[in-house]
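>>> Fold the following, please.
(chains A, B, C and D)
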Number of protein chains: 2
Amino acid sequence: MSNRGSALSANRPPTLEDVAARAGVSRALVSIVVRGVSGASEVTRQRVLEVADELGYRPDSRARLLAGRRSRLLGVTLALNHPFHADLAEGLYTAAEQEGYEVVLSAVTRDRDSRRAIDTLLDYRCAAAVLVGPLVREPWLSALAERLPVVVLGQHSRSRAVDVIRTADEAGMRLGVEHLVALGHRDIVHVDGGRGPGAAARRRGYQTAMRRHELAPRVVAGGPAEEDGAAAARALHAAPPTAVLTYNDRCAVGLLDVFVRTGIVVPEAVSVVGYDDSQVARLPHLRLTTVSQDASQLAALAVRRAVARLDHEPVADRELVLTPHLVVRGTTAPPG
Amino acid sequence: MSNRGSALSANRPPTLEDVAARAGVSRALVSIVVRGVSGASEVTRQRVLEVADELGYRPDSRARLLAGRRSRLLGVTLALNHPFHADLAEGLYTAAEQEGYEVVLSAVTRDRDSRRAIDTLLDYRCAAAVLVGPLVREPWLSALAERLPVVVLGQHSRSRAVDVIRTADEAGMRLGVEHLVALGHRDIVHVDGGRGPGAAARRRGYQTAMRRHELAPRVVAGGPAEEDGAAAARALHAAPPTAVLTYNDRCAVGLLDVFVRTGIVVPEAVSVVGYDDSQVARLPHLRLTTVSQDASQLAALAVRRAVARLDHEPVADRELVLTPHLVVRGTTAPPG
DNA sequence: TTTCTCCCCTAGAGCGCTCTAGTATCTTGA
DNA sequence: TCAAGATACTAGAGCGCTCTAGGGGAGAAA
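Have a look, this model is predicted:
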């Protein structure tokens, strides 16, 4: 906002050199001050910061990244347009900042696959990668993990080369089943996630919990998106159960929509439980009962883990599994 | 994948220097080859590329960005979790690649405002900024535009300092109104977007179009999200119109949901038109009639404009306004 | 032959920063 | 009094690349 009277050429943003010249100290000292490390007297520190502010100095990320021994850059892949990923990304930004790291996002889209997304991160020479988006297949994942610490966030991975931070999907489904059973339901269907991340575990958790209550599991093919839930709802129309647990919230939304349209009243006729507690679940007109994964905690742990690896701290377990909890809202009730 | 037998130290990724040494040429020549510019014979070009591939060489973005005169980096702000923004981002990636630019995303979240997001982009010294996410207020926007070319994408801006690529919101609403009028509707309500981007223009477009048909405009307060549409639906319950145009698709989804729940059948009792043609509108169970903004074209034009500014090409108009078109799906029909 | 091009290639500076090694100054203790 | 240690600061190398200036050799023109 100021920049007045300085000897800066043209429109070029001020550099350390400019600040140093104006403050009458060396470039190295300014570097020390702006990084906030020790080695400068309080008096000079103040003066340098003042000058920096006056010139509108902002450190150049590229140069900083290039010069530093450790890169302090966290690469994140994610699928845009996925509410839960958005929640995680939000948490990652916050957590990374607290640890003194920067975040660079790389989106996975229809014509930009995970490998492309990861390559971009690699080109930035980020210190560690957090994979929120779809994973790359095994030989690639391990190869990646050889180059930098890799944290898989929010989904399971067989790979023994990466860290995994996720919630216990089986336990989550059990919570859902138990809630419904406690309400008096016995005819409980699971609309699954097919081959989606975590789908197998959730299916398994559902089946185990059902058997524990001596109930017959009934799985209907679903998927990760609204349309999959909608399709499942239509498939269920002939013989609707009294309750449904879906693979995720988006799936639940599609299912709910078709239910409502076809005159199946929720929760009076059918109870519905989602999974993720993403922002849609909290919408006042939906009020979806759902299994909550604490996105910000997951994100914080992922960042922590990445930093731990970078600092070569000892890590007890590759996999960190959080216990989810159930958020009861308006889509579940005793069977009518 | 190879890297065998090279004299590379430890785990350090190969550099230009490594490739040059192995190929027996200078660093500069390798640079020429990997950048794909002229100045190398076909024979050496092949050999260098072979060696580069063999070593698994990938250029270091940080260094490349730092050394180059022009940065070839396009900064993009966006709100995660907004379907239309995701569509735009997807288009930006594709378009930027074609122009030989890289994209860096900076998310705007609840505790990371637009200014923070933009500062991050600035720290990367990107060549130009494309603002998809919420805008910063005026003094800031102009100040930003003084430092680099700024393209506002998908929304209006008063600022004369920035380029704007968007669709004609007024025309879009007129299309919606005209479609409904042609179907025989006369009692048409607009659920508006409040102070959201483009909301004023859409409201105006609706009002103008209604008056042109000698119909009385009726605007109900809405907003950008599902819950706003839902609230509007409840507000309309006492005296439902025969048709509704909403501010955007998300708003329409919330509205539809409440309509369906309260027994208002769409499109038989009420027709609904959304805005954006985002991915939700295309969901098979929704099949939302909506005003389509061609995200990939918008994105391509935004990139084109940014590059034009960087190349100092003459630009006719600061603002480029595309004509939207209507996508008729299943939520509109003649009044019952 | 000489000179002028053109083509292929290299040397080396420099982008803005970090970080190691070192210098100068000030304390402190015996 | 001087050595020993802090403390405050600086010089300068180097991160991996791009890009300008220029070298050298081959072929064309004079």
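
>>> so what's residue A:293 up against?
A:84, A:154, A:167, A:172, A:276, A:277, A:322, A:324 (CB atoms under 8 Å, 6 or more residues apart in numbering or on different chains). Where you see a C-beta, it was placed from the backbone N, CA and C, and this is true even at glycine.

>>> Residue A:303: which of these is nearest?
Residue A:303 lies nearest to residue A:154 out of the contacts of residue A:293, by CB to CB, at 13.3 Å.

>>> For the stretch 101-250 of chain A, just list every one of the helices.
With DSSP state H, counting those that start in this stretch as the criterion, the stretch 101-250 of chain A has helices at A:114-123, A:138-147, A:169-183, A:199-212, A:226-236, A:249-261.

>>> winner for burial among these?
helix A:249-261 (a mean of 26; mean count of other CB atoms under 10 Å in any protein chain shown).

>>> in what helix or strand does residue A:90 lie?
Using DSSP states H and E, residue A:90 sits in helix A:83-98.

>>> List the buried residues in stretch A:90-107.
A:90-96, A:101-107 (16 or more other CB atoms under 10 Å in any protein chain shown).

>>> if we can go back for a sec, of the contacts of residue A:293 - the most surrounded one?
Per-residue neighbour counts (other CB atoms under 10 Å in any protein chain shown) across those peak at residue A:276, which has 30 neighbours.

>>> picking up where we left off before, do the helix holding residue A:90 and chain B come into contact?
Yes: with CB under 8 Å from any CB of the partner chain as the measure, helix A:83-98 is seen reaching chain B through A:83, A:85, A:86, A:87, A:89, A:90, A:93, A:94.

>>> Determine which two of these are furthest apart.
Among those, A:83 and A:94 lie farthest apart (CB to CB), at 17.3 Å.

>>> so where do the strands sit in chain A?
A:73-79, A:102-108, A:128-131, A:150-153, A:163-167, A:188-191, A:218-220, A:243-246, A:271-276, A:289-292, A:319-322, A:325-327 (DSSP state E).

>>> The fifth one to helix A:138-147, inter-axis angle?
Put plainly, it is strand A:163-167. Interaxial angle, strand A:163-167 versus helix A:138-147 (axes from the mean of the first three to the mean of the last three CA atoms, to 10 degrees): 110 degrees.

>>> Taking strand A:271-276 as reference, get the angle to strand A:163-167.
Using the same axes, to 10 degrees, strand A:163-167 lies at 160 degrees relative to strand A:271-276.

>>> which residues make contact with strand A:163-167 from outside it?
So strand A:163-167 is contacted by A:149-157, A:198, A:293-294, A:298, A:301-302, A:305-306, A:309, A:315, A:318-324 (CB under 8 Å, 6+ apart).

>>> Buried ones from those, can you make that a ChimeraX selection?
Per 16+ other CB under 10 Å, the buried members of those correspond to this ChimeraX selection:
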select /A:149,150,151,152,153,154,155,156,157,198,293,294,298,301,302,305,306,309,320,322,324
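
>>> Please identify the most buried of the strands of chain A.
It is strand A:243-246: most buried of those by mean count of other CB under 10 Å, with a mean of 32.

>>> That one and chain B in contact?
No: with CB under 8 Å from any CB as the criterion, chain B is not reached by strand A:243-246; the gap is at least 14.2 Å.

>>> The closest residue to residue A:149 other than its chain neighbours and residue B:263, how far apart?
Closest residue to residue A:149 apart from its sequence neighbours, by CB to CB, 6 or more residues apart in numbering or on different chains: residue A:309 at 3.6 Å. Here residue A:309 is placed at a distance of 56 Å from residue B:263 (CB to CB, to the nearest Å).

>>> same thing with residue A:266?
14 Å.

>>> neighbour-wise, which of the two wins?
residue A:266 (23 against 10).

>>> list the contacts for the more buried one?
Applying CB under 8 Å, 6+ apart, we find residue A:266 in contact with A:256, A:259, A:260, A:272, A:331.

>>> same deal with residue A:109?
A:79, A:80, B:86, B:89, B:90, B:93.

>>> And the contacts of stretch A:275-283?
Taking CB under 8 Å, 6+ apart as the rule, stretch A:275-283 contacts A:83-84, A:86-87, A:172-173, A:176, A:202, A:245-250, A:252-253, A:274, A:286, A:288, A:290-293, A:327, A:329, B:81, B:225-227, B:230, B:254.

>>> Please apply the same query to stretch A:172-184.
Contacts of stretch A:172-184 (CB under 8 Å, 6+ apart): A:188, A:190, A:202-206, A:208-210, A:213, A:215, A:243, A:245, A:271, A:273, A:275, A:289, A:291, A:293, A:324-326, A:328, A:332-335.
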